[in-house]
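*Asks:* Give me coordinates for this.
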Amino acid sequence: MAEERYVTVDEFEGRVDIFLTKALDRTRSFVQKLIENGNVWVNQKQIVKTSHKVKSGDLIRVVIPEPVSLNLTPQDIDIEIVYEDEHLAVINKPRGMVVHPGAGNYDSTLVNALLYRFEGKLSSINGVIRPGIVHRLDKDTSGLLIVAKTNEAHIKLSEALKNHRIKRVYFAICEGVLEEDSGIINAPIGRHPVNRLKMAVVPNGKEATTYFEVLERFDKYTFVKLRLKTGRTHQIRVHMSYIGHPLLGDVLYGRPKNEFGVEGQLLHAGEIEFVHPVENKPMSFKVELPDYFKEILEALRKRSQKQDKIQH
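*Replies:* Numbering: from 1, shown residues only. Have a look, this model is predicted:
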């Protein structure tokens, strides 16, 4: 049965989605979906814009639809669980695995595996197709991902993510040789104006900031460490392409082919730090580069050594 709630705005003036996020104790994305789906009325007038402004004295009616039963199939898929307690888990997602079901990917996703492994004990805040998913990694990006088992943990982790209190460090091999040892890429990201499958740096995009640090230089490539301040879709891939150094293997933002035959960007989420949302203790995790990544690094190192010998 749908839940109906009435909330009076008190000592607040601003966006309705921000007000309701706090008033309903839900994530902002959940509230925004309610608004966009026509489930919110302000002073008896239905609103569909998340940016609608409210002020003290306004009466808001919210209809929260009945939760839909999960129809996803739990699947016994091997996944590496780096850490687990009753509130959350940290997963080392393999490259090639889609995080949650969507168009063209209805099973064999990380969510299918999580439902089996945790017997369905995942937060329900993100709806029926993304239970437990606090943040995502692209299909061909490997590495650490936090999963919430409870709604309380999910809300607090989402808040920490939004306020940049979750530190995420990635490792990648990019095309070309970066001249600077380190730097900041600060360029807004939005939907590509022509190719709707892609994101791009656009003037009216959302704020996006990526920090990079060079770890090793090779003849035609650079091994880099990257840290996200924001978490826009495809952020690292878009930003590295924007500065002229697309990731090796990234056919969407880089070259269609490469000498190593790599299909999919060489990008690994290797480190993550956050404060436990319930126990309030610092958590820090690191995982090694995957074997295929290390093999390409080793091949580049051997090639560099050979070139050095020839030159000397």
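*Asks:* Dead centre of the protein: give me the residue that sits there.
*Replies:* Central residue of the chain (C-alpha atoms, centre = their mean): residue 136, 3.4 Å from the mean position.
*Asks:* can you pull the contacts of it?
*Replies:* Applying C-beta atoms under 8 Å, 6 or more residues apart in numbering to residue 136 gives the contacts 99-100, 145. From N, CA and C alone the C-beta is placed, and that goes for glycine too.
*Asks:* Which one of those is nearest to residue 15?
*Replies:* Residue 15 has its nearest neighbour among the contacts of residue 136 in residue 100, at 27.2 Å by C-beta to C-beta.
*Asks:* Tell me who's in contact with that closest one.
*Replies:* By C-beta under 8 Å, 6+ apart, the neighbours of residue 100 are 109-111, 129-130, 133, 136.
*Asks:* Quick check: it vs residue 34, distance?
*Replies:* Residue 100 is 20 Å from residue 34, where distance means C-beta to C-beta, to the nearest Å.
*Asks:* Please apply the same query to residue 289.
*Replies:* On the measure of C-beta to C-beta, residue 289 and residue 34 end up 41 Å apart.
*Asks:* Equivalent analysis for residue 191, please.
*Replies:* According to C-beta to C-beta, residue 191 and residue 34 sit 23 Å apart.
*Asks:* So for the two, which residue has more residues nearby?
*Replies:* Using other C-beta atoms under 10 Å as the criterion, residue 191 and residue 34 rank with residue 34 on top: 20 against 14.
*Asks:* Where does the more buried one sit: helix, strand or coil?
*Replies:* The three-state assignment at residue 34 reads helix, by DSSP: H, G, I helix; E, B strand; the rest coil.
*Asks:* Before we move on, what's the pLDDT of residue 36?
*Replies:* For residue 36, the pLDDT comes out at 87.
*Asks:* Noted, bye for now.
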